[in-house]
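Asks: Sequence isn't available, so here's the structure alone:
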Ligand SMILES: Nc1ncnc2c1ncn2[C@@H]1O[C@H](COP(=O)(O)OP(=O)(O)OP(=O)(O)O)[C@@H](O)[C@H]1O
């Protein structure tokens with residue numbers, strides 16, 4: 001049985017008031033200010049799979065997750081979770097699903113233990129007390145469990161959210177940006193817990209815009225872009241299929257400024273050529289199989305290649321090649337650097 005099945009799912013958020021909707025209904029038109037957050041999404045996640053759901057900000061990840069949990073109703077299409085209809089049988093779905101929602105915040109006055117006990121209660125667990133202590137221990141909060149969560153650090157809050165998701169050994173874990181706010185050690189712990197869950201046979205569906213996070217634990221990933229699923233596969237296969245560029249750095253003897261860069265750019269698979277005159281070097285961005293042609297062209301221009309180095313497409317490049325966007329971290333860094341670089 002598939003753990004998650006989305007069939008031709010679309011979600012359109014309708015802007016404007018009821019009156020404008022009526023007017024539009026009369027016109028039978030989609031309003032230009034409506035937002036189609038998810039468009040015609042079909043996706044199957046098998047039981048026991050760890051599935052990474054990727055995409056830049058606003059790609060439709062949270063909306064999809066919210067539809068799985070029946071917090072948001074699709075405009076069209078059908079959704080089954082753990083064999084149940086996501087809407088008609090949402091009680092069954094929620095009883096078997098652990099959720100770490102995006103932007104989770106704690107109740108300041110409740111202790112960590114009270115938070116998890118609340119989650120255990122809402123799942124109707126028989127031996128709730130023991131289950132609560134077990135998960136608090138698993139996420140490393142046993143010692144802080146009696147403290148008010150208002151005093152928790154961001155990382156502790158995120159672990160608490162994870163404990164609430166894990167309590168009762170759910171069949172499906174849905175984690176929306178689980179590593180946000182975590183330092184590298186915390187992010188690693190999160191990955192370890194996901195790996196442990198996978199080991200127990202739990203299906204894990206988690207969204208992220210951090211490819212490294214996803215690569216470390218996921219069997220497959222799906223990449224969303226502007227509401228559409230643009231790729232679904234293992235990261236290795238995505239890498240093989242992508243047109244993300246490798247970078248070739250070539251050092252030459254002689255006058256690098258004399259290089260006919262246009263002739264290089266005209267080669268199949270070459271994206272860009274940068275001449276670094278000071279270092280007598282060239283940096284060529286190209287498809288993996290275009291490197292030999294680049295070297296041959298330089299030699300035919302009478303330049304002696306003294307050294308070259310290649311860098312394979314990074315996960316970042318891979319993400320960019322499918323989404324046309326940088327990651328959120330990048331965007332934030334760009335903003336803070338005040339660099340008005342516009343990504344194509
Ligand atoms: N309740 C809502 N009303 C109107 N528009 C919405 C609503 N929720 C989401 N959207 C829009 O739907 C699109 C997809 O948003 P969504 O939150 O699903 O993206 P996301 O991939 O989870 O992004 P992020 O990584 O920033 O969390 C965005 O354009 C967003 O503004």
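Replies: Okay, I see it. Everything numeric in this text was worked out from a predicted model, so none of it was measured.

Asks: For the rest of this, base every contact and every neighbour count on C-alpha atoms.
Replies: Will do.

Asks: could you pull out the strands for the stretch 1-150 of the chain?
Replies: 2-13, 35-46, 50-54, 76-81, 84-85, 97-100 (DSSP state E, counting those that start in this stretch).

Asks: now the angle from the second one to strand 76-81?
Replies: Following axes from the mean of the first three to the mean of the last three CA atoms, to 10 degrees, one obtains 40 degrees for the angle between strand 35-46 and strand 76-81.

Asks: From the contact counts, what lies against strand 35-46?
Replies: Here strand 35-46 touches strand 2-13, helix 61-68, strand 228-233, going by 3 or more CA pairs under 8 Å, 6 or more residues apart in numbering; DSSP states H and E.

Asks: Out of those, which is the most enclosed?
Replies: Most buried of those by mean neighbour count (mean count of other CA atoms under 10 Å) is helix 61-68; its value is a mean of 23.

Asks: out of the strands of the stretch 1-150 of the chain, nearest to the ligand?
Replies: Closest to the ligand of the strands of the stretch 1-150 of the chain is strand 35-46 (CA to the nearest ligand atom; 3.9 Å).

Asks: How far off centre is stretch 53-62?
Replies: 6 Å (CA atoms, centre = their mean, to the nearest Å).

Asks: again, but for stretch 170-190
Replies: A distance of 12 Å separates the centroid of the chain from that of stretch 170-190, by CA atoms, centre = their mean.

Asks: Could you export the helices and strands packed on strand 35-46 to JSON lines, including columns for mean pLDDT and distance to residue 182?
Replies: Output for those, formatted as JSON lines (pLDDT from 0 to 100; distance: least, CA to CA, whole Å):
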{"stretch": "strand 2-13", "mean pLDDT": "95", "distance to residue 182": "28"}
{"stretch": "helix 61-68", "mean pLDDT": "94", "distance to residue 182": "19"}
{"stretch": "strand 228-233", "mean pLDDT": "92", "distance to residue 182": "27"}
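
Asks: Reformat these as TSV; add distance to the ligand.
Replies: Below are the helices and strands packed on strand 35-46 laid out as TSV (distance: least, CA to the nearest ligand atom, whole Å):
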stretch	distance to the ligand
strand 2-13	5
helix 61-68	4
strand 228-233	10
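
Asks: Let me have the ones you listed in CSV, extended by distance to residue 125.
Replies: CSV is the format used below for those (distance: least, CA to CA, whole Å):
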stretch, distance to residue 125
strand 2-13, 22
helix 61-68, 22
strand 228-233, 36
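
Asks: and of the ones you listed, who's closest to residue 281?
Replies: Closest of these to residue 281 is strand 228-233, at 35.9 Å (criterion: CA to CA).
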